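Asker: here's a sequence, model it:
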Amino acid sequence: QVHLVESGGGSVEAGGSLRLSCQASGTTHTAMMAWFRQAPGKQREGVAAIATLTGTFYADSVKGRFTISQDKAKNTLYLQMNLLKSEDTAMYYCAAASQVGPLVQIGSYHYWGQGTQVTVSS
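Answerer: Now for the predicted structure:
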């Protein structure tokens, strides 16, 4: 079992930055981890993912603005978000998988955090 807790969300003006953190505990061996987001009335979508064997992935909408990274010694996943836009407003979820699979497919991930809200005002 992997327990995930996100933090770092908040309200920011367009053009600003936030850094999300995801602290993992329990059985922390994970093959890949990702950030997903879900805006009201929309489906959950993959934002960024990282896997030892396959590297990183970013959704087109965040390329060049968001950076995913992890500190394995601290069992923590990060998402640095720069140049935020109003359309980035959503609940952001951390996810982890014990096996490698499609990086931004929801079904690949078995462990999910409770989410942290990001609100960007224009």
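Asker: which residues are in contact with the closest residue to Leu53 other than its chain neighbours?
Answerer: The shortest distance from Leu53 to any non-neighbouring residue, by CB to CB, 6 or more residues apart in numbering, is to Val100 (5.8 Å). In short, each C-beta sits where N, CA and C put it, glycine included. The contact partners of Val100, by CB atoms under 8 Å, 6 or more residues apart in numbering, come to Ala31, Met32, Ala51, Leu53, Thr54.
Asker: next: Ile50.
Answerer: Met32, Met33, Ala34, Thr56, Phe57, Ile68, Ser69, Gln70, Leu77.
Asker: which of those residues fall in helices?
Answerer: With helices defined by DSSP state H, no entry of the contacts of Ile50 lies inside them.
Asker: quick one, which of these are buried?
Answerer: Met32, Met33, Ala34, Phe57, Ile68, Gln70, Leu77 (16 or more other CB atoms under 10 Å).
Asker: just checking, the fifth one touches Thr56?
Answerer: To tie it back to what came earlier, the one meant is Ile68. Yes - in terms of CB atoms under 8 Å, Ile68 counts as a neighbour of Thr56; the distance is 5.8 Å.
Asker: could you measure from Ser121 over to Ser17?
Answerer: 14 Å (CB to CB, to the nearest Å).
Asker: whoops, I mixed them up, Tyr78
Answerer: 12 Å.
Asker: these two: which is more packed in?
Answerer: Tyr78 (19 against 11; other CB atoms under 10 Å).
Asker: these two touch, right, the more buried one and Gln70?
Answerer: Yes - here Tyr78 reaches Gln70: they are 6.8 Å apart, a contact under CB under 8 Å.
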